[in-house]
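J.: any chance you could fold what I've pasted below:
(one chain, ligands or ions: 2)
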Amino acid sequence: MVFMKAMKLQEFGKPLQLMESDLPQVLDNNVLVKVDACGVCHSDIHLAEGYYGAREEERLVIRDRRIRLPLTLGHEIAGRIEAKGRAVSAFEVGDTVVVYPWIGCGVCRACRAGFDNLCERPNALGVYADGGYAEYVLVPDPRYVLKYDGLKPEEAGVLACSGITALHALKKARVAPDDVLAIIGAGGVGGMAIQLAKALSGATIVSLDIDDRKLEYAKSLGADFTINSSKDDIGAVMKQALGKRANAVIDFVGSTQTVENAVKILVKGGRLVVVGLFGGILKMQIPLLPILALDIVGSYTGTLTDLNEILQLTNRGVVKPVISTSFRLEEANEALAKLRSGEVKGRAVIKP
Ligand SMILES: [Zn+2]
Ligand SMILES: [Zn+2]
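T.: Ligands and ions are numbered 1, 2, ... in the order given. Below is the predicted model:
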């Protein structure tokens, strides 16, 4: 019998625990991936804690009955095919692959339209099914693995969440070449969005953050203009520098403050795409919504098509891979703690 190690969440709010289990059985259509790298995402922190939000009175507690513990977290997975079912002919054992983790039921309206990420009965890896904080991960169908080469595994894995989240949000922002696009948050996902917006949209890109070092990073990735929203009067700075407000804002933070800021800098008829899961309460005077004719939408991860597209863009050098800090499988709790306290440079990645 072959055993595998995994870091499992056994109880919300408690550290992950190293557990051994049998290697999963590989059925006809399954693919077993040996994990080379799995990114540690902010959403893993929320999942491990069992809620979203910083302030206790504003918390959104995770009450999803489809999440069953113990659970192996981790959804930014790159690895090699270790074994495959009889019906899998498109891949060979040893192929290097990135896993699309936002797996849906396959038959609901969203899934049939290609939006597995919006499935009503999701089976996302690392959320509803065991994910990549493990030596191996079982993928139910070969359609959810994509071959890659020319990238490090830690670079490829991150595309399955940060990468597609940035691309999907940018598509939802629907910016035109003569638009001003404001991107709130210049961390990993925001940085990816700046690169994508630069390469694909033609829009003027304004990056907002509260950290000057991150704004420098945003500039190096192609932001045309940066604003430190903790120091500057953002509306006045935009008006002075660009002579106009933003046609679209993508908020990769998702706090009360950032959403309020976004509404302040949008043009009439502008579009706000909220992506970040920081947490908070949104309060606004309702007449402003019709008077300003704002579109306020949410965006959650991305599709298989998005993953395919961003893999191509990264391969061609249009998007630079995110830098990362590595941890061993047994150090998953340390990785989560360092990410929570903001000590990680780039993306934290677990290499089992
Ligand atoms: Zn993620
Ligand atoms: Zn579905």
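J.: who's in contact with G302?
T.: Counting by C-beta atoms under 8 Å, 6 or more residues apart in numbering, G302 makes contact with 102, 117, 163-165, 167-168. Just so you know, the C-beta spots here come from the backbone N, C-alpha and C atoms, and that holds for glycine as well.
J.: isn't K214 right up against G187?
T.: Yes. Under the criterion of C-beta atoms under 8 Å, K214 makes contact with G187 at 6.6 Å.
J.: more crowded one of those two?
T.: In this view K214 and G187 are compared by other C-beta atoms under 10 Å, and G187 has more residues nearby, 22 against 19.
J.: check whether that one really touches A218, as I assumed.
T.: No. G187 is not in contact with A218 according to C-beta under 8 Å; the separation is 9.7 Å.
J.: the stretch 1-150 of the chain: strands as residue ranges?
T.: 3-9, 17-22, 31-40, 51-52, 60-61, 71-72, 76-84, 96-99, 136-139, 145-147 (DSSP state E, counting those that start in this stretch).
J.: can you tell me the strand partners of the fourth one and which way each runs?
T.: If you go by DSSP bridges, strand 51-52 pairs up with strand 60-61 (antiparallel).
J.: where's the nearest residue to I62 once chain neighbours are set aside relative to N123, distance?
T.: Nearest residue to I62 in three dimensions, chain neighbours excluded: G50, at 5.3 Å (C-beta to C-beta, 6 or more residues apart in numbering). When distance is defined by C-beta to C-beta, to the nearest Å, G50 is 20 Å away from N123.
J.: hang on, the earlier thing: and the pLDDT at the residue nearest to I62?
T.: With respect to pLDDT, G50 has a value of 88.
J.: okay, now it: neighbour count?
T.: Neighbours around G50, by other C-beta under 10 Å: 17.
J.: contact partners for it?
T.: 12-13, 61-62 are the contacts of G50 under C-beta under 8 Å, 6+ apart.
J.: then V35?
T.: Applying C-beta under 8 Å, 6+ apart, we find V35 in contact with 74, 77-79, 132, 134-137, 352.
J.: CSV for these, including distance to ligand 2 and pLDDT?
T.: Output for those, formatted as CSV (distance: C-beta to the ion, whole Å; pLDDT from 0 to 100):
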residue, distance to ligand 2, pLDDT
G74, 22, 97
I77, 20, 98
A78, 25, 98
G79, 25, 98
G132, 22, 97
A134, 25, 98
E135, 29, 98
Y136, 25, 98
V137, 20, 98
P352, 29, 93
